[in-house]
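>>> I need the structure of the sequence given here:
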Amino acid sequence: MKYFEGKSILLTGASGGLGREFATQLLDLGAHMVLCDLKLESLDRFKSYSGAGKVLGLIAGDVSTKEGTEKFLADVKKIIACPDMIINNAGIAQVGPFGEIPLDRWEKLMAINLISPMRICHYFLPDMAARGSGHIVNISSVAGIVPMPGGAPYTASKHGLKGFSDAMRIDYSKQGITVSTVHPFFTRTAILESERFGVNIDINDYPQFMIETPESVIRETIKAIAKKTEFILPGPTAKFLDLVRRFAPGFLGLAKLF
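Here you go, the predicted structure:
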């Protein structure tokens, strides 16, 4: 896909299941990438990469705090003034009734899932607008379009990320900036083993055929990004749930699996 050839891309959460696939597939397509995650050693696999694209830099950064995000952004700036594309992929989840989740845990979730993408966009948008081009990709979830029982903070963060993206798209489309949101269903990554509070849920209780692989989710997502698709639903379950919320929203209250 020529869309990615030579493009500089900033990717957060680059060592996770989706992040690794994003980095690997985009590098193979010729992208030049700044890869970021909480611990630098988690990015070691990319130190020896050689292929169509280039690894411009590896950065350790804690985006759960204002100070951590500011340091992270300063480190990015040392490598590249303004990326052609930003993929806000870093995220965490928790499972349990909202009242059972400790305040410090769900506040950290909101900081990583919603506030940090907003801070990153706020930092680079003026330069993108002045340049007249840019592509921002915010990784939301199906929880960004339908509620996830037992996941009130996660649902709030992902709905918020979609709403933020929709508003940015209106504000910046005339300045050459594309904004895409991605809404995958459950994917076989570490997020399926997220913290539990007041519940004992086993992911094996879910219909396994519905759980997507990172490879397929990212492959479909990358194709959609290349087409500048604004609202991306990788996988059949995500597409099905979008249809349900549009045409039979009452069903979602009965679908406890989702």
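>>> list the helices and strands the longest helix along the chain packs on?
Counting residues, the longest helix in the chain under DSSP state H turns out to be helix 152-172. Judged by 3 or more CB pairs under 8 Å, 6 or more residues apart in numbering; DSSP states H and E, the packing partners of helix 152-172 are helix 103-110, helix 116-131, strand 134-139, strand 177-182. All C-beta atoms are positioned from the backbone trio N, CA, C, and that covers glycine.
>>> Run me through the strand neighbours of the third one, direction for each.
Spelled out, that is strand 134-139. Next to strand 134-139 in the sheet, as set by DSSP bridges, lie strand 85-88 (parallel), strand 177-182 (parallel).
>>> Generate JSON lines for those strands, with mean pLDDT as supplementary columns.
Shown next, in JSON lines, are the strands paired with strand 134-139 (pLDDT from 0 to 100):
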{"stretch": "strand 85-88", "mean pLDDT": "98"}
{"stretch": "strand 177-182", "mean pLDDT": "98"}
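>>> Which among the ones you listed is found nearest to residue 51?
strand 85-88 (18.1 Å; CB to CB).
>>> contacts for the helix or strand that contains residue 69?
Per DSSP states H and E: residue 69 is located in helix 66-79. Outside helix 66-79, the residues that touch it by CB atoms under 8 Å, 6 or more residues apart in numbering are 10, 34, 36, 56-57, 59, 61-63, 83, 116, 119-120, 123.
>>> Mind checking the pLDDT average for it?
For helix 66-79, the mean pLDDT works out to 97.
>>> Using PDB, write out every CA atom in it.
Taking Å, rounded to 0.1, in the frame of the first residue of the first chain, the C-alpha atoms of helix 66-79 are listed here in PDB:
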ATOM      1  CA  LYS A  66       0.500  14.800  32.600                       C
ATOM      2  CA  GLU A  67       4.200  14.900  33.500                       C
ATOM      3  CA  GLY A  68       4.900  11.500  31.900                       C
ATOM      4  CA  THR A  69       3.100  12.500  28.700                       C
ATOM      5  CA  GLU A  70       4.900  15.800  28.500                       C
ATOM      6  CA  LYS A  71       8.300  14.000  28.800                       C
ATOM      7  CA  PHE A  72       7.200  11.400  26.300                       C
ATOM      8  CA  LEU A  73       6.200  14.200  23.800                       C
ATOM      9  CA  ALA A  74       9.500  16.000  24.300                       C
ATOM     10  CA  ASP A  75      11.300  12.700  23.600                       C
ATOM     11  CA  VAL A  76       9.300  12.300  20.400                       C
ATOM     12  CA  LYS A  77      10.100  15.800  19.300                       C
ATOM     13  CA  LYS A  78      13.800  15.000  19.500                       C
ATOM     14  CA  ILE A  79      13.300  12.400  16.800                       C
END
